[in-house]
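Student: just a sequence and a predicted model for now, questions to come.
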Amino acid sequence: MKYRHGNWASPPWSAARNGAAVLRLVEGEFDLIIGSDLLYERDEPAGLASFIDRHAAPGAEVWIIDPNRSNRPSFHRQMAARGFGLREARIDQAPYRGRFLTYRRAGM
């Protein structure tokens, strides 16, 4: 499977030393976006949801593994505001406990 790493915490463009715009590692849309253990900080849900919104192709699936962080409800709200529906499943296989979150754009 081909894959790309992305820095979702920064904007898609940044200024280079000469003031020219430089593209980050990820551009385009993808059919599958996967992330794990991402929702540490209170402000991260909005940045991550924006990154996903920019890069999710129509009909894409987004898989997030979350070890029951307290920022998950905020992330759900951010994703819903961008038109993503949620399926959530508990993971309870020792020693790991958490949630498998699957998002798709509504109507897809």
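Tutor: Everything's here; your move.
Student: CA only for contacts and neighbour counts going forward, please
Tutor: Noted.
Student: what comes into contact with the longest helix belonging to the chain?
Tutor: Counting by DSSP state H, the longest helix found in the chain is helix 44-55. With contacts defined as C-alpha atoms under 8 Å, 6 or more residues apart in numbering, helix 44-55 is touched by 8-10, 27-30, 33, 39, 62, 71-72, 74-75, 78-79, 82.
Student: now Tyr103: which helix or strand?
Tutor: strand 96-105 (DSSP states H and E).
Student: can you name the residues in contact with that strand?
Tutor: For strand 96-105, contacts defined as C-alpha under 8 Å, 6+ apart pick out 58-68, 83-92.
Student: partner strands of it, parallel or antiparallel?
Tutor: Taking DSSP bridges as the criterion, strand 96-105 sits next to strand 56-66 (antiparallel), strand 84-93 (antiparallel) in its sheet.
Student: so how far is the first one off the chain centroid?
Tutor: Chain-centre distance of strand 56-66: 7 Å, with C-alpha atoms, centre = their mean, to the nearest Å.
Student: ok, now stretch 42-58?
Tutor: From the chain centre to the centre of stretch 42-58 is a distance of 5 Å (C-alpha atoms, centre = their mean).
Student: pull out the buried residues from it.
Tutor: Neighbour-count burial for stretch 42-58 flags 44-53, 55-57 (criterion: 16 or more other C-alpha atoms under 10 Å).
Student: still on that earlier bit, buried subset of the contacts of strand 96-105 as a PyMOL selection?
Tutor: The buried residues among the contacts of strand 96-105 can be selected in PyMOL (16+ other C-alpha under 10 Å) with this line:
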select buried, resi 60+61+62+63+64+65+66+67+84+85
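Student: got any ranges where the protein has weak pLDDT?
Tutor: Across the chain, the ranges flagged by pLDDT under 70 are 1, 3-25, 43, 107-108.
Student: what's the angle from the longest helix of the chain to strand 56-66?
Tutor: Using axes from the mean of the first three to the mean of the last three C-alpha atoms, to 10 degrees, the inter-axis angle of helix 44-55 relative to strand 56-66 is 150 degrees.
Student: so what sits opposite the nearest residue to Leu38 once chain neighbours are set aside in the bridge?
Tutor: Closest residue to Leu38 apart from its sequence neighbours, by C-alpha to C-alpha, 6 or more residues apart in numbering: Asp66 at 7.2 Å. Beta-bridge partners of Asp66, counted by DSSP bridges, are Arg99.
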